[in-house]
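build me a model from this:
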Amino acid sequence: MAIRKIATLGHPVLRQVARTLTRDELASPKVQALIDDLIETMRDANGAGIAANQVYEPVQLCVIHIQNNPRYPYKPNYPLTILVNPEVTPLTDETFDNNEGCLSVPNLRGQVPRFTHVRVRAWNRQGDDLDFEVKGLTAGTFQHEIDHLQGKLFVDRVTDTRTLSTWADFERFHLAGFAERARALVARYGS
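Numbering: from 1, shown residues only. Sure thing, here's the model as predicted:
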């Protein structure tokens, strides 16, 4: 396993639509090593998830894991999940304003409308079909990571640029209010 360099805003790889993987490619040592590297890189950066194109590999692959994350203390824990060729479908019109940051957009946060209930279809690491639903704050995390694979960053979805802030100012002026709203969302949806 290796910690990889993370592409940042402005690098063209982040704007590419990542290509799908075949099951044979997924089973290859190269892609299995990429999965391990994504997990290691995400953990090293205290991310809640990371997509392959964030480490300069424009393939349809991302990982999500939230375990007592100091960067996101208001996010509920979620087990390590590997998504290959994922698709996300909203199951409601209801949205919430998620205050997001990104490993590829250092020192910036902003409010993004996210669906409160989504269906995720993908393959797991072994190429088995996954089909599950995610609700609440965690649904926002899945939407964020899958957006990366379509060449979208959270800044593309910010509807009010007045919500943009540095991490320091988010923590100073906005964290308490957002954390309270996040806890209410988690209480309502269980995630």
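
you'd agree residue 108 is up against residue 168?
No. Taking contacts as Cβ atoms under 8 Å, residue 108 lies outside contact range of residue 168: 11.0 Å. For glycine as for every other residue, the C-beta is placed from the backbone atoms N, C-alpha and C.

the two: which is more packed in?
residue 108 (18 against 9; other Cβ atoms under 10 Å).

any idea how far the more buried one lies from residue 20?
30 Å (Cβ to Cβ, to the nearest Å).

got a list of what residue 6 touches?
Taking Cβ atoms under 8 Å, 6 or more residues apart in numbering, we find residue 6 in contact with 41, 45, 50, 54, 55, 103, 104.

what subset of the residues you listed is buried?
Buried members of the contacts of residue 6, counted by 16 or more other Cβ atoms under 10 Å: 41, 50, 54, 55, 103, 104.

beta partners for residue 62?
Going by DSSP bridges, residue 62 is paired in beta bridges with residue 51, residue 83.

go ahead and confirm it touches residue 55.
No. Contact status for residue 62 versus residue 55: not in contact, 10.6 Å apart, counting by Cβ under 8 Å.

buried residues, the helix or strand encompassing residue 80. List them.
Secondary structure assignment for residue 80, by DSSP states H and E: strand 78-90. Using 16+ other Cβ under 10 Å as the test for burial, strand 78-90 gives 78, 81, 82, 83, 84, 85, 86, 88.

same question, stretch 94-108
96, 97, 98, 99, 100, 101, 102, 103, 104, 105, 108.

on that earlier part again, mean confidence for the strand holding residue 80?
The pLDDT scores in strand 78-90 average 98.

for it, give me every contacting residue.
In contact with strand 78-90 (Cβ under 8 Å, 6+ apart) are residues 20-21, 26, 35, 39, 60-66, 115, 117-125, 127, 130, 138, 141-143, 145-146, 149, 191.

ok, of these, which come out buried?
Using 16+ other Cβ under 10 Å, the buried ones in those are 21, 26, 35, 39, 60-66, 115, 118, 120, 122-123, 125, 138, 141-143, 145-146, 149, 191.

those residues in helices, which ones?
Those of the buried ones among the contacts of strand 78-90 mapping onto helices are 26, 35, 39, 138, 141, 142, 143, 145, 146, 149, per DSSP state H.

what is the neighbour count of residue 17?
Quick note: residue 17 (other Cβ under 10 Å) scores 12 neighbours.

one more: the one 10 residues further on?
Applying other Cβ under 10 Å, we find 13 other residues in the vicinity of residue 27.

quick check, it in contact with residue 127.
Yes. Residue 27 is within contact range of residue 127, at 6.6 Å (criterion: Cβ under 8 Å).
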